[in-house]
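A.B. asks: Predicted model and sequence below, questions to follow.
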Amino acid sequence: MVISLSAVLLGLIAGAVLILFIGENPLIAFTYLFRGGLMNIERIGNTLATATTLLLVGLSVSFAFKTGLFNIGGSGQMLIGGLLGSMFALSATSLPRPLFFILLILIGIIGGALWGLVPGLLKALFNVHEVVSTIMMNWIAYWMVFYIVPGYLKAEYLETESKSIAVARSLRTPWLTNLFNSEYVNYGIFLGILAMLFLKIVLDKTTLGFELKAVGYNKNCAEYAGIKVNRNIVISMMIAGGLSGLAGLTYYTGYSLNMQIGIMPSQGFDGIAVSLLGAGTPIGVALSSLFFGVLHVGKGFMSANTVVPPEIADTIIAVIIYFTATSLLFKRFWGVVSKKLRKQQPPAQTVQEA
């Protein structure tokens, strides 16, 4: 937690320095930045909606980290989960709402899992590094959306985006919309919470979780102990892909209600930052996603009320990522500080001296 807070503080300091260079007051700019994400119930709802997608992708990246893999394919997995979910939502108009809702979630998860299966197989069978294969899968998904949306799902007047999904066929619900006075809030919030619980149980309470972590810590040792390493690599990438697919589902069928071609979802990469800042733990990832959600929602409000460009918020995020990635330096720094503080303390008196 100390390392994460240090990275956040340094990121804000870097942003303050840049704001000073353009002749603005950092305190005023940061006030508008955080007010933009938190000043009323509608803004809070928008922050939660933005954080939901980041949470699910962050959990996907964290899960892969725990098992010794680096899933950088969140964007492609989001696109496939969102594409299949959108196709189902636009076609299955006669199913009862509960059944439709269950099938929609399963389709999003399966789509992302299948997109994670390919890198998992390449890693397990041919030792192809998952960073390379997941990046390639991102672009395959990108061009699939580029072809399928104009060809089969295009809107009535625009070929660059799909038809809009009806609210009744989406993850949105009137009671959440009325509660937060925000149309973007959807059931994805609860799916994110369930995903946190799922990962906690799987990793800490099951044999599968033990095997996955063992493979991540030491592949050779795990294989010597009789654990099927290749199988667990494939399972790990499928679970990570399923979580990102669920993120894409919540975004395209809950937040935006349509898909646009030519856009690679940035949340797939922002989720890496969320995972790093959250130290890979479910609670840490949740808090990190909320923080990034505030920055994303508030940067437009800051820009509208000052001359500070919204890119300053993106710069803050980039600096936070940089310092979080160099967490070893923070560990050494705080270790030195801790030793000095202990040396300055007077030695404790013995009972006899007291």
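C.D. replies: Yep, that arrived.

A.B. asks: how about the nearest residue to residue 112 once chain neighbours are set aside, what does it touch?
C.D. replies: In space, and not counting its chain neighbours, residue 112 is closest to residue 245: 1.7 Å by CB to CB, 6 or more residues apart in numbering. No exception for glycine: its C-beta is placed from N, CA and C like everyone else's. For residue 245, the contact set (CB atoms under 8 Å, 6 or more residues apart in numbering) comprises 77-78, 80-82, 108-113, 115.

A.B. asks: run the last query once more with 6 Å
C.D. replies: Under the criterion of CB atoms under 6 Å, 6 or more residues apart in numbering, the neighbours of residue 245 are 77, 81, 108-109, 111-112.

A.B. asks: likewise residue 278?
C.D. replies: 284-285, 288.

A.B. asks: Most neighbours of all the residues you listed, which one?
C.D. replies: Counting neighbours by other CB atoms under 10 Å, residue 285 leads those with 31 neighbours.

A.B. asks: right, and that one touches residue 58 too?
C.D. replies: Yes. Under the criterion of CB atoms under 6 Å, residue 285 makes contact with residue 58 at 4.2 Å.

A.B. asks: what is in contact with these two at once?
C.D. replies: Residues touching both residue 285 and residue 58 (CB under 6 Å, 6+ apart) are 274-275.

A.B. asks: ok, the contacts of residue 278 vs residue 96, which is closest?
C.D. replies: residue 285 (33.8 Å; CB to CB).

A.B. asks: which residues are contacting stretch 231-242?
C.D. replies: Here stretch 231-242 has contacts from 60, 63-64, 67, 69, 71, 77, 109, 112-113, 115-117, 119-120, 123-124, 211-212, 215, using CB under 6 Å, 6+ apart.

A.B. asks: change it to 8 Å
C.D. replies: The contact list for stretch 231-242 (CB under 8 Å, 6+ apart) reads 60-61, 63-64, 67, 69, 71, 73, 77, 109-110, 112-117, 119-121, 123-124, 130, 202, 208, 211-212, 215-216, 222.

A.B. asks: Which of those residues are buried? Put it as a PyMOL command.
C.D. replies: Remark: buried members of these, expressed as a PyMOL selection using 16 or more other CB atoms under 10 Å:
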select buried, resi 60+61+63+64+67+69+71+73+77+109+110+112+113+114+115+116+117+119+120+121+123+124+130+202+211+212+215+216+222
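
A.B. asks: Now intersect the contacts of stretch 231-242 with the helices, please.
C.D. replies: Among the contacts of stretch 231-242, the ones falling in helices (DSSP state H) are 60-61, 63-64, 77, 109-110, 112-117, 119-121, 123-124, 130, 202, 208, 211-212, 215-216, 222.

A.B. asks: what about the strands in the stretch 151-300 of the chain?
C.D. replies: Applying DSSP state E, counting those that start in this stretch to the stretch 151-300 of the chain gives no strands.

A.B. asks: what are the ranges of the helices in it?
C.D. replies: According to DSSP state H, counting those that start in this stretch, the stretch 151-300 of the chain carries its helices in the segments 174-180, 188-205, 207-217, 219-224, 229-250, 267-277, 282-305.

A.B. asks: just so I know, which of these lies nearest residue 320?
C.D. replies: For the helices of the stretch 151-300 of the chain, the distance to residue 320 is smallest for helix 267-277, at 6.2 Å, taking CB to CB.

A.B. asks: which helices and strands does that closest one pack with?
C.D. replies: If contacts are counted by 3 or more CB pairs under 8 Å, 6 or more residues apart in numbering; DSSP states H and E, helix 267-277 sits against helix 2-21, helix 41-66, helix 74-91, helix 229-250, helix 282-305, helix 311-325.
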